[in-house]
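*Asks:* When you get a sec, could you give me coordinates for this:
(chains A, B, C and D)
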There are 4 protein chains.
Amino acid sequence: MSLSSRDALVELRRELHRTPEPAWREFYTTSRVVDEIERIGVDDLYVGREVLDSDARMAVPDDEEIADWYERAREAGAREDVLEKCAGGHTGAIAVLEKGEGPTVALRVDIDALPITESTDDDHLPAREGFRSEHEGTMHACGHDAHMTIGLGVLQRVKDSDFEGTLKVLFQPAEEVVGGGKAMAESGHLDDVDHLLAVHVGLHHPTGEVVAGIDGFLAVTQFHAEFTGAPAHAGDAPEEGRNAVQSLAAAIQGLYGIPRHSAGETRVNAGRVEGGTASNIIPESARLEAEVRGETTDLKEYMYQHAMSALEGAARSYDCEVDVDVVGDAPSAVSDDALVDVVSEVASGVDGVSSVVRNDDLGGSEDATYLMRHVQNRGGTASFVCVGTDHPTGHHTATFDTDEATIPIAVDTLAGTILDLGASSR
Amino acid sequence: MSLSSRDALVELRRELHRTPEPAWREFYTTSRVVDEIERIGVDDLYVGREVLDSDARMAVPDDEEIADWYERAREAGAREDVLEKCAGGHTGAIAVLEKGEGPTVALRVDIDALPITESTDDDHLPAREGFRSEHEGTMHACGHDAHMTIGLGVLQRVKDSDFEGTLKVLFQPAEEVVGGGKAMAESGHLDDVDHLLAVHVGLHHPTGEVVAGIDGFLAVTQFHAEFTGAPAHAGDAPEEGRNAVQSLAAAIQGLYGIPRHSAGETRVNAGRVEGGTASNIIPESARLEAEVRGETTDLKEYMYQHAMSALEGAARSYDCEVDVDVVGDAPSAVSDDALVDVVSEVASGVDGVSSVVRNDDLGGSEDATYLMRHVQNRGGTASFVCVGTDHPTGHHTATFDTDEATIPIAVDTLAGTILDLGASSR
Amino acid sequence: MSLSSRDALVELRRELHRTPEPAWREFYTTSRVVDEIERIGVDDLYVGREVLDSDARMAVPDDEEIADWYERAREAGAREDVLEKCAGGHTGAIAVLEKGEGPTVALRVDIDALPITESTDDDHLPAREGFRSEHEGTMHACGHDAHMTIGLGVLQRVKDSDFEGTLKVLFQPAEEVVGGGKAMAESGHLDDVDHLLAVHVGLHHPTGEVVAGIDGFLAVTQFHAEFTGAPAHAGDAPEEGRNAVQSLAAAIQGLYGIPRHSAGETRVNAGRVEGGTASNIIPESARLEAEVRGETTDLKEYMYQHAMSALEGAARSYDCEVDVDVVGDAPSAVSDDALVDVVSEVASGVDGVSSVVRNDDLGGSEDATYLMRHVQNRGGTASFVCVGTDHPTGHHTATFDTDEATIPIAVDTLAGTILDLGASSR
Amino acid sequence: MSLSSRDALVELRRELHRTPEPAWREFYTTSRVVDEIERIGVDDLYVGREVLDSDARMAVPDDEEIADWYERAREAGAREDVLEKCAGGHTGAIAVLEKGEGPTVALRVDIDALPITESTDDDHLPAREGFRSEHEGTMHACGHDAHMTIGLGVLQRVKDSDFEGTLKVLFQPAEEVVGGGKAMAESGHLDDVDHLLAVHVGLHHPTGEVVAGIDGFLAVTQFHAEFTGAPAHAGDAPEEGRNAVQSLAAAIQGLYGIPRHSAGETRVNAGRVEGGTASNIIPESARLEAEVRGETTDLKEYMYQHAMSALEGAARSYDCEVDVDVVGDAPSAVSDDALVDVVSEVASGVDGVSSVVRNDDLGGSEDATYLMRHVQNRGGTASFVCVGTDHPTGHHTATFDTDEATIPIAVDTLAGTILDLGASSR
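*Replies:* Residues are numbered from 1 along each chain as shown, chains lettered A, B, ... in the order given. So this is what the prediction gives:
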């Protein structure tokens, strides 16, 4: 089955949808992607540790967690040669096509899934059509299954074309935890890239609409805070405890108490909490996983500084201590006009495209910004392209779905742009 | 009119009820008490500054506030000689009867009122009978009008008796803010006291019941905390503000978050707050008036230490500063068995007494404890006597009232005890 | 002294600066403005109750508060005829010049001051030069002293010109509490206005810069919440209390907990709090003065709805009740391009103007929006003009000041625009 | 090995210490206890489902959790016949000795462990001597290993004696979650009991001290609250979320905000929290495990009612819902004087006992109170006996340990009391 047909693309997307894996645990996913890359045939193929600056990875889970998914992937039939390169949480791949003299163009797609239990409702297409997540509690709820499919579809299309230049398709892990972008940006593979494209489906744009250049990426920092107090028997000697859960509660309220900023948008979320052991023991420890964002990197910093005050004050209030680890980070970025021009023009001619929007704001964060900035800092151009899709509910919800008509539109738009970039350099 | 009759006592009590004055502002009250003392005739009379260690006063209001009440008292007819001695917030009086060889016995009554607006309801006797507070917003809602009357009644009775010894009746100011006890205790007047009696009506005991020795005084510390941040326009530049009201809110929650203690009762109250200027300005400052209590002085200290953590953490959380002033303080204390024995025996024979309880817990705080400890530390004995009264609602409420039948019972019990102490020393 | 000279304008501004009066209490101010209007000479003059829809007033203080300032104004020499029309908190004035056939143009200036204690620092010009506020605790900290002066300066200039049409200068009260705009908008005086100009100095633009049309008004709702619980003695029976101050604290936390909105800017501020009576009484009541804002009226509504949840939940948590009163409100608005064009062109030619900015965002709220919308809804055009001033510190701070060079620039720009509008209609 | 010797008792205690199992999962423990009971030889033996009113069990974990421990117990060698009777979380045993005419005496010991990771410190005897918990994360940190040993030691001793009457030794599960007492009390086995003894080591009393009758049991209710909101992408659309973790934080603050009560001791603890999924997702759900206690059942109810207000208000504040399940409950109780007399007298003569205290307060909760009340309500007597032990750190801490000298003292005291009760009935 070649990925030239729409049916083949849809079939692949549904297969990938069934086996979502969370950040840094995309072992089976990487193996399947490698299968497809090899089937298409490329000049160079880098896998796992070869595509990452290992030390620049953020939000890597603990060894046990990695081992569990590693084993699961092996049992599901992941290739041993791929697994070996991915050991220790080094997932992802880069496929390189060298088709003569010309610019080096890169296309970045992301491959990880989210810790969400997928809906079993009949109104939810993957449930109705039988390709719902087989990894209970994990779900492709942000369209990365489609992104990978698009990346492979573009690879096939460019392979089959008379493109002159070099194409790199980057299958980046760990986007959802904004932990993988920096590691791939600093891997060396981006150093010679002239033009970088990244792609995302949906973002509240309907099927048939393409946004040539997304801006308004919110800079983000994700952090974990660990509060430590002292345990005690809650009935016998409550005065001997220092209750870490009370500090946690005050910290949550403190985080939301950070003033809004007149210079632009900010965000804060206390996304995950856990603390204590049992109702009759004063909690000795409590953990908070949270994030702050800003329309600019400065605004994100403003939020982060105030967040630290909130955490320290909350610890102090209840005589606890707090330790903070930054586990994810991404700057803001903008798409380059010159590249946005090309995408716009190409998209206008694509079958199925009824509307081309030049720019729109993301209103979220993306560690594609690390790759974009890396290329831009070396004189290249970058654009983050959104291909609209009729998604029934918001991204990151249990009933999110990608309208499959989006996939060929995205392949046409991106492959067309790449061909055009090759042509335009002649 | 001599204070020998019940009618005279009731009339005086009603008059005093009409003109309540808050702590350290009992100017008119002191003047009226001095009138009565002089009418009775005593050997020594000390007033205002003469009965206090000025530096040991706590919770003294600001000059303007004192001046307002001072002026009001003058306009109402307070004596100039008394006012002069009371200038600057030095209220209260001590009457001394010297009736030959014998022990020195002191009776302490308190004279200040509360910042409560008295009920206008017809069910409330002072409203119905026309002796409701004439100082709107201030009220004798804890029976100090009755206490003063009892103190004067006892003075008259002992004057008219064959008691041998010295009697000092102490009219102490500023009990409600636990600010006057220490200042009177350290005035020198208590140094030669052999037996100290203090009296309180009610405390949830009915008319006809006497508690010979109250224990279980909660130690208390009252403090003011001032939070300081930075103002800013709430719409234009919220990020430039540091919101003292947010620190205040966190502090309140932190105070209530202090763990209960297995060693005994504790208390905490955020009793008064004020902060900010207008809804469109980020509040630069906020003030908290609060208190902590403990069944023992150690438990009170435990609460106070944790309260300071709560305040400091709350300030830190929102990048504000906090300053704390202790404005009131009282230790715990216990009534002496030997003295409780005497009161018990005397009370049993008093007309109108149907029940004598040896001991009961106060469950509140009282700065009579400073005086009790002062006497006890010098080898004397002390007892805090409760004379029950059918009060329709709790102390410190707008409809609190003293059953006037209580007043002669109290006079009989206390005067009887004093006579007995005089007799017993022979 | 005619207001034609810069010196006269500066002198008047300094005089007005000395006698700031807060919202709905601008009695002396109105009287002084009326003096000046009469000196200039107009065709119609409306004062107080005549310029307002009384029922549409918001944030009117209580009678006693109004009476205090009313009396103070009388003592300071306010005219009896003006005071009479202003009785009960009906301040402000409208001056009308009828100069033949032509459009009706209105200029709105605001007249109230803020509850801020003015700096006594020598670096603060009004302190150094002796025209600091004589009303301790109240201050023209937002430039309304300059606005009134500009309004009168424009009136003088147009009076002296060959303008053809009708000019109304609106001296609007109670802008700081967003309480006066609606009442003047609905007074009838705006119904026939073809072009409305409003003016503000500063807004972080330097002297010499003019912004022809301010947009980005934040819609705002200001409200008061009154929490009611039950009082009790804090030591004796804490369980009998229901602590309104605890509800207040939770409400503050809840207000700041309202999620930021991806559709645009929002604001929230707990600007003033007060509760309880004394540290040993469980607080029976507590009051919160707060506001919410949004970049659009919808966003403001989003904030308001969530604020109500926060208040109700906070009351429920501590078994208290809460009552909410809306005391101020203003929609968002935009300046009309056609009018902005005129202001831009005129400003470019004004002496002292070095920079003309077409549009900028206010980032705050203004009840001029009520007047703008009223005129726009009837087919007229409106623009909110900002005349930059080098202000040493932010608006609404104790050291805010207006660079007096701004005043003639503003008069030139606005009078020029009005003349142009008259001319252009010919 | 007979349990008559101190060495045998110590050896058994250390074995049991090695294999702690949490509430309702004491499968291996029950099997080992049954082994010992059979070795001793009794007249009747009831196991698992036979000793419980299944429906009255509280705080039963979910099926998967039970199945895990069940399987672990089987692998460790638990007997199939015992496992079968314990299926579905029905643990515990009752051994019955019938030794002729006489009273029915019951001795209750508890058998479950705590979710605490045992210390590996060399100062901790079980670590140093090699009998530390083999079930990582679970620990006998409250002495139940000693309690079981004492129960078996007493059974052996009475078996070997000339006691006349019936002895029932009750091995009760799930005390730590106050979930097992009610189920055993209502099993029918207590209906004919004339005298009930329960035993606890330590409680801050040193080795050599016996408290004949513990009082001051705090009544307790343990509950789980589940907050439900709506998830959303934290960067993209924070306004679409309803954040359950914010409700959780407010609930924690609210719980600690419940006023202390003048009628006696109260407690509250937010002992365990968990919520949300990832830092970039607005948390849809959050869970709180908490408890309230009171010196009397009424005080516990007071706390519970206020806790419900706090939870409901916290849910309301952030537009979430909350569901509450009560998972554990125990009333207060008092030891009977007549039985305390017997224990006192017997203990005085026991080897190693240097001090006998008649009564002391527990200051904690215990579901032995269900059994005590059951027996008392039918005319029997009950006493909760404390046998002191030098424990290096508090109960429920990772370094808690039982001084093994305590075990023979406890056996002597309890067996002696039982013999005396048998004798005294003759």
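*Asks:* Show me what the longest helix seen in chain A is packed against.
*Replies:* For chain A, the helix with the greatest residue count under DSSP state H is helix A:297-317. Packed against helix A:297-317 by the contact rule (3 or more C-beta pairs under 8 Å, 6 or more residues apart in numbering or on different chains; DSSP states H and E) you find strand A:219-228, helix A:244-256, strand A:266-276, strand A:285-294, strand A:321-330, helix B:244-256, helix B:297-317. The way it works is simple: take the backbone N, C-alpha and C, and place the C-beta from them, glycine included.
*Asks:* Tell me the buried residues in it?
*Replies:* Of the residues in helix A:297-317, A:297, A:299-300, A:302-304, A:306-307, A:309-317 count as buried by neighbour count, 16 or more other C-beta atoms under 10 Å in any protein chain shown.
*Asks:* same check, this time on stretch A:321-328
*Replies:* The neighbour-count check on stretch A:321-328 (16+ other C-beta under 10 Å) flags A:322, A:324, A:327-328 as buried.
*Asks:* check these against chain D, which are close?
*Replies:* Filtering the buried residues of stretch A:321-328 for neighbours of chain D using C-beta under 8 Å from any C-beta of the partner chain leaves A:G328.
*Asks:* any chance of the buried residues of stretch A:321-328 in JSON lines, with distance to chain C and pLDDT too?
*Replies:* As requested, these are exported to JSON lines (distance: C-beta to the nearest C-beta, whole Å; pLDDT from 0 to 100):
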{"residue": "A:V322", "distance to chain C": "19", "pLDDT": "98"}
{"residue": "A:V324", "distance to chain C": "21", "pLDDT": "97"}
{"residue": "A:V327", "distance to chain C": "22", "pLDDT": "90"}
{"residue": "A:G328", "distance to chain C": "19", "pLDDT": "88"}
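*Asks:* Let me know the closest of the buried residues of stretch A:321-328 to D:D336.
*Replies:* Comparing those against D:D336 with C-beta to C-beta picks out A:V322 as the nearest, at 49.6 Å.
*Asks:* so who does the closest residue to the closest one other than its chain neighbours touch?
*Replies:* In space, and not counting its chain neighbours, A:V322 is closest to A:A315: 3.9 Å by C-beta to C-beta, 6 or more residues apart in numbering or on different chains. Counting by C-beta atoms under 8 Å, 6 or more residues apart in numbering or on different chains, A:A315 touches A:227, A:247, A:251, A:321-322, B:313.
*Asks:* Kindly indicate which of the residues you listed lies nearest D:L114.
*Replies:* Using C-beta to C-beta, A:F227 comes nearest to D:L114 of the contacts of A:A315, at 21.3 Å.
*Asks:* Could you count how many residues lie near that closest one?
*Replies:* 28 (other C-beta atoms under 10 Å in any protein chain shown).
*Asks:* and if you look at A:A338?
*Replies:* Using other C-beta under 10 Å, A:A338 is surrounded by 10 other residues.
*Asks:* And the residue nearest to A:V322, how far from A:T228?
*Replies:* According to C-beta to C-beta, to the nearest Å, A:A315 stands 8 Å off from A:T228.
*Asks:* Find the residues that touch each one of the two.
*Replies:* The overlap between the contact sets of A:A315 and A:T228 (C-beta under 8 Å, 6+ apart) consists of A:321-322.
*Asks:* contacting residues for A:H200?
*Replies:* Contacts for A:H200 (C-beta under 8 Å, 6+ apart) come out as A:143, A:147, A:214, A:366, A:384-387.
*Asks:* can you tell me the helix or strand for it?
*Replies:* strand A:195-201 (DSSP states H and E).
*Asks:* residues near A:D336, how many?
*Replies:* Neighbour count of A:D336, defined by other C-beta under 10 Å: 19.
*Asks:* for the closest residue to it other than its chain neighbours, which residues make a bridge with it?
*Replies:* Of all residues beyond its chain neighbours, the one nearest A:D336 is A:T381 (3.9 Å), with distances taken as C-beta to C-beta, 6+ apart. Note on A:T381: beta-bridge partners by DSSP bridges are A:H195.
*Asks:* Surely A:T381 and A:H195 touch.
*Replies:* Yes. A:T381 is within contact range of A:H195, at 5.4 Å (criterion: C-beta atoms under 8 Å).
*Asks:* how far off strand A:195-201 does the helix or strand A:I409 falls within point, in degrees?
*Replies:* Per DSSP H and E: A:I409 is located in helix A:406-424. Angle of helix A:406-424 versus strand A:195-201, following axes from the mean of the first three to the mean of the last three C-alpha atoms, to 10 degrees, is 170 degrees.
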